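**Student:** When you get a sec, could you give me coordinates for this:
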Amino acid sequence: MLFNSLAFLLFLPLVFSVYWMVQHNWRWVVLLAASYYFYFSYNPWFCLLLFGTTGIDYIAARKISAAIQQNSRKAWLLLSVFSNIGVLVVFKYSVFLLNTGIEVSNSLAHTQFNILQHLIIPAGLSFYTFQSLSYTIDVYRNKYKAQDSFGFFSLYVSFFPHMVAGPVVRYNDLMPQFYEQHKLQSIQWALATRLCIWGFFKKMVIADRLGEIVTPVFNHVDVYSGSTLLVTGFLFVVQVYCDFSGYSDIATGVAKYFGINLSLNWRRPLLSKSFIEFWQRNHISITTWFRDYLYISLGGNRCSYKRWLLNIFLVFLISGLWHGANWTFVIWGAVHGLFYVIELINSKTKKPIQAPKFIGWLYLLLFHTLTLIAFRALNIHDLGTIYYSIIHNFNPAELIAELKTLCDVFPLVIAAGLILFLFAKELNEEYAFINRLKQYNTIIRPVFYIGLFLTIFLLGMFNANEFIYFQF
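**Tutor:** As a prediction, this is how the structure comes out:
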């Protein structure tokens, strides 16, 4: 069930009504049943996998808390780690690893043997396994005791607003809220509604409209000039941000209707002036997850200078692979890691290079675009074609003509206007230009969001396109 579907527009009011009609002691049951039905709607078999991994982590955490011997605690932790990572490997990476091995053998033996190209990846698999895994690791680190109730723990893992595409919420942040006795009159109605409207606008109006231009170009990269490929890469930067952050906004807004607050996941990353700043603002819940559970496990900064830089690079490399089973994602993670490390080295020098903020912003957008092209390219061959065209066939004179083969001029003008509108809103949030006006809260903001709501019906794509992160 997609947020941007008619089914969800019927599902949410029903769950909301039942939730607030029943007594407090039964509300968690309503949310748990709704969450499993929400996930069941994607594929009934996915629920068995979700239930199985949840059960293993629940038992493992309970055993860790009860164990006295360190070896026993570590054994149960390893069971949790290997079961979660094992599920990811089977569904997400097994075909990729097998095909990689077969490609190597084919090149050596000059054969053309092939196997299955992909498996169906359960929706949100990477997100709920990471969330569940963070819980068992924290129990092992004695941050808190294991949860007694399997039902409440299942709700923590499966809470429907965020389980499919984040944010990845920590146990200590989310679980206590399920026990609190919320009141209907305490709901932050205005904030929840604004988040949902802005999230739907970013997804259905900006991301999906840009996708109409981005997808055909990246499906046929060999027929476009380097200038068109670079501009389309920038359009994908905006598309992927609006798609990802749009989901988080909707999830956060929906959760607030049930009295639940989710963690901040995006903080205007496209206004960053460096890669270091970018990763402090971009997909914050995943970034902090890799910091707390991978970077620290590798040794963090409690090691030599060179090993510290290597740890940072490895985190980016692995996070790239987490995003998708393709060498293009590995390249994307490696290049981001390289830029991040270079900026760190520069910041530690006696006289670091410091560019004006505007130049820093242009630098971030340019190199983020060039690296995110690897994120979007279908394969290594296409990625090589794109970079070759940008370097050797960069012809701005062909840009408009090639874009007009994709759609009429009017959609292109709309797309450009939407991008300018997005950056204008983000700049206002960053620097509060309009927010300082006396009439902002009483007139300007209500009228603005009513306008956004109406614009969704005028310009929104109502074909229920999946959110990009569902494939992860």
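
**Student:** lowest-pLDDT helix or strand in the protein?
**Tutor:** helix 94-109 (a mean of 54; mean pLDDT, DSSP states H and E).

**Student:** Show the subsequent helix or strand relative to that helix.
**Tutor:** Where DSSP states H and E defines the elements, the next helix or strand beyond helix 94-109 is helix 125-140.

**Student:** and V22, what does it touch?
**Tutor:** V22 is in contact with V30, counting by C-beta atoms under 8 Å, 6 or more residues apart in numbering. C-beta here means a position set from N, CA and C on the backbone, and glycine is covered the same way.

**Student:** How much space separates it from A33?
**Tutor:** 11 Å (C-beta to C-beta, to the nearest Å).

**Student:** Ok, L264 next?
**Tutor:** For L264, the distance to A33 - C-beta to C-beta - is 28 Å.

**Student:** Kindly report the same for L78.
**Tutor:** 33 Å.

**Student:** so where's the stretch 351-472 of the chain uncertain?
**Tutor:** 464-472 (pLDDT under 70).

**Student:** where along it do the helices fall?
**Tutor:** 357-376, 380-392, 399-404, 409-431, 445-459 (DSSP state H, counting those that start in this stretch).

**Student:** got JSON lines for these, with mean neighbour count and distance to H162 too?
**Tutor:** Formatted as JSON lines, the helices of the stretch 351-472 of the chain follow (neighbours: other C-beta atoms under 10 Å; distance: least, C-beta to C-beta, whole Å):
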{"stretch": "helix 357-376", "mean neighbour count": "18", "distance to H162": "22"}
{"stretch": "helix 380-392", "mean neighbour count": "16", "distance to H162": "32"}
{"stretch": "helix 399-404", "mean neighbour count": "16", "distance to H162": "36"}
{"stretch": "helix 409-431", "mean neighbour count": "14", "distance to H162": "22"}
{"stretch": "helix 445-459", "mean neighbour count": "14", "distance to H162": "22"}
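
**Student:** got a markdown table for those, with distance to K438 too?
**Tutor:** Below are these laid out as a markdown table (distance: least, C-beta to C-beta, whole Å):
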| stretch | distance to K438 |
| --- | --- |
| helix 357-376 | 29 |
| helix 380-392 | 48 |
| helix 399-404 | 43 |
| helix 409-431 | 16 |
| helix 445-459 | 12 |
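
**Student:** low-confidence ranges in the stretch 51-200 of the chain?
**Tutor:** 93-123, 166.

**Student:** Just give the closest residue to H182, not the sequence neighbours.
**Tutor:** Excluding the flanking residues, the one nearest H182 by C-beta to C-beta, 6 or more residues apart in numbering is G259, at 3.1 Å.

**Student:** right, and that neighbour touches Q188 too?
**Tutor:** No - between G259 and Q188 there is no contact under C-beta atoms under 8 Å: 9.0 Å.

**Student:** Compare the two (neighbour count), which wins?
**Tutor:** Taking other C-beta atoms under 10 Å, G259 and Q188 do not tie; G259 has more neighbours (19 against 14).

**Student:** quick one, what contacts that one?
**Tutor:** Q177, E180, H182, K183, S186, I187.

**Student:** Quick one: buried ones out of the residues you listed?
**Tutor:** Among these, those classed as buried by 16 or more other C-beta atoms under 10 Å are Q177, H182, I187.

**Student:** re earlier: now, the contacts of G259 that are in helices?
**Tutor:** Judged by DSSP state H, helices contain the following of the contacts of G259: Q177.

**Student:** ok, the contacts of G259 vs K350, which is closest?
**Tutor:** Q177 (47.7 Å; C-beta to C-beta).

**Student:** out of the helices of the stretch 351-472 of the chain, nearest to D208?
**Tutor:** helix 445-459 (9.7 Å).

**Student:** Determine the angle, from 0 to 180 degrees, between the closest one and helix 409-431.
**Tutor:** 160 degrees (axes from the mean of the first three to the mean of the last three C-alpha atoms, to 10 degrees).

**Student:** which strands and helices sit next to helix 445-459?
**Tutor:** helix 189-200 (3 or more C-beta pairs under 8 Å, 6 or more residues apart in numbering; DSSP states H and E).

**Student:** Swap in 10 Å and give it another go.
**Tutor:** helix 189-200, helix 409-431 (3 or more C-beta pairs under 10 Å, 6 or more residues apart in numbering; DSSP states H and E).

**Student:** my guess is M175 meets D148, correct?
**Tutor:** No - in this structure, M175 is not within contact of D148 by C-beta atoms under 10 Å, at 11.3 Å.

**Student:** Domain-wise, how is the protein divided?
**Tutor:** 6-181, 189-273+355-463 (automatic domain parsing).

**Student:** Adding distance to F316 as columns, could you present those in CSV?
**Tutor:** Output for the domains of the chain, formatted as CSV (distance: least, C-beta to C-beta, whole Å):
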stretch, distance to F316
domain 6-181, 16
domain 189-273+355-463, 11
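
**Student:** Which of those sits closest to W289?
**Tutor:** domain 6-181 (5.4 Å).

**Student:** would you turn the buried ones among the contacts of G259 into CSV with distance to A7?
**Tutor:** Below are the buried ones among the contacts of G259 laid out as CSV (distance: C-beta to C-beta, whole Å):
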residue, distance to A7
Q177, 26
H182, 26
I187, 23
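
**Student:** right, and out of the residues you listed, which lies closest to K348?
**Tutor:** Q177 (40.4 Å).

**Student:** State the three-state secondary structure for I260.
**Tutor:** Of the three states, I260 takes coil under DSSP: H, G, I helix; E, B strand; the rest coil.
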